[in-house]
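> Structural data only, the sequence is not supplied:
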């Protein structure tokens with residue numbers, strides 16, 4: 001398997017594969033690259049519908065240049081617990097962050113959520129987050145405020161009375177339920193418009209269809225989250241390959 005960064009020719013092959021409707025795994029197989037490499041490349045450069053090889057190549061060169069300018073000299077990669085490969089961890093953090101950004105989270109917010117999610121203890125202080133991400137405390141505070149508003153993180157005090165931010169096992173359930181409530185509110189608002197615009201008018205029919213669709217999605221999210229909640233508290237005994 002070749003190492004190093006993607007070449008411009010490989011990016012062109014990725015673009016052709018996307019245009020042909022190939023899955024990331026198939027594109028990766030043809031390039032003899034990990035699927036995660038292709039996924040990260042596409043998601044951080046516009047997604048499958050907007051990916052452009054030349055733009056992606058130039059963007060990567062700019063990011064590499066900025067990283068070289070801002071990274072201090074000397075060994076900076078922290079030692080990883082449990083014998084983890086530091087480079088593999090760094091690449092996975094980048095992939096996880098990219099997917100969160102593609103789902104709609106702002107860049108810094110996604111970085112903070114990734115950092116908390118991948119920390120074994122599941123919680124970090126503002127100072128620890130700022131140190132790990134090499135950003136200002138103000139940036140961390142803004143991201144945490146956003147994540148709290150979405151129900152994705154909670155606050156707690158440790159034995160030294162320091163405020164810590166935690167992603168616990170139940171936070172993804174709470175987030176899904178918040179999303180379901182928001183979607184249900186959209187359905188209700190759409191239904192209100194039917195009476196205002198007049199039943200059987202084109203706009204009212206459109207709103208009614210939106211309301212029925214969105215309400216179904218909201219109910220489905222709620223049912224699925226309730227049924228699957230126990231999964232968040234289940235300790236897996238074997239490595240999962242369900243994400244392949």
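Ah, there it is. Every value quoted in this text rests on a predicted model; they were computed, and no experiment measured them.

> Which secondary structure element of this protein has the lowest mean pLDDT?
Every helix and strand in the chain was compared by mean pLDDT, DSSP states H and E; the lowest is helix 53-70, with a mean of 72.

> Show the average pLDDT along the helix or strand just after that helix.
Under the assignment DSSP states H and E, the closest C-terminal helix or strand after helix 53-70 is helix 86-102. Here helix 86-102 scores 81 as its mean pLDDT.

> got the buried residues for helix 86-102?
Residues of helix 86-102 classed as buried by neighbour count (16 or more other C-beta atoms under 10 Å): 92, 93, 95, 96, 97, 98, 99, 100, 101, 102. For the C-beta atoms, the positions are set from N, CA and C on the backbone; glycine is no exception.

> Check what pLDDT the closest residue to residue 100 other than its chain neighbours gets.
Spatial nearest neighbour of residue 100, excluding adjacent residues (C-beta to C-beta, 6 or more residues apart in numbering): residue 110 at 3.8 Å. On pLDDT, residue 110 comes in at 89.

> buried residues in the helix or strand that residue 110 is a member of?
Using DSSP H and E, residue 110 maps to helix 107-118. Within helix 107-118, the residues that count as buried by 16+ other C-beta under 10 Å are 108, 109, 110, 111, 112, 113, 114, 115, 116, 117.

> Stretch 163-176 too?
164, 165, 167, 171, 172, 173, 175, 176.

> And the residue nearest the centre of the protein?
With distances taken as C-alpha atoms, centre = their mean, residue 100 lies nearest the centre of the chain, 1.4 Å away.

> OK, contacts around that one?
By C-beta atoms under 8 Å, 6 or more residues apart in numbering, residue 100 lies in contact with 109, 110, 113, 114.

> out of the residues you listed, who's nearest residue 151?
The closest of the contacts of residue 100 to residue 151 turns out to be residue 113 (C-beta to C-beta; 11.9 Å).

> need the contact list for that closest one.
By C-beta under 8 Å, 6+ apart, the contact list for residue 113 reads 100, 105, 143, 147, 152, 153, 167.

> Assign a three-state SS to the fifth one, would you?
In terms of secondary structure, residue 152 is coil; the call rests on DSSP: H, G, I helix; E, B strand; the rest coil.

> For it, give its distance to residue 142.
In this view, residue 152 and residue 142 are 14 Å apart by C-beta to C-beta, to the nearest Å.

> what do you get for the first one?
As judged by C-beta to C-beta, residue 100 and residue 142 stand 16 Å apart.

> again, but for the last one
As defined by C-beta to C-beta, residue 167 lies at a distance of 17 Å from residue 142.

> Contacts made by stretch 11-21 with the rest, please.
With contacts defined as C-beta under 8 Å, 6+ apart, stretch 11-21 is touched by 6, 26-27, 30-31, 38, 41-42, 48, 51-54, 56-57.

> Strands of the chain, residue ranges please.
Assignment of strands within the chain using DSSP state E yields the ranges 123-125, 154-157, 163-166.

> got JSON lines for these, with mean pLDDT and distance to residue 197 too?
Shown next, in JSON lines, are the strands of the chain (pLDDT from 0 to 100; distance: least, C-beta to C-beta, whole Å):
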{"stretch": "strand 123-125", "mean pLDDT": "90", "distance to residue 197": "49"}
{"stretch": "strand 154-157", "mean pLDDT": "83", "distance to residue 197": "42"}
{"stretch": "strand 163-166", "mean pLDDT": "89", "distance to residue 197": "45"}
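
> Which one, of these, ends up nearest to residue 131?
So among the strands of the chain, strand 123-125 is nearest, using C-beta to C-beta, at 9.3 Å.

> show me what contacts residue 81?
residue 120.
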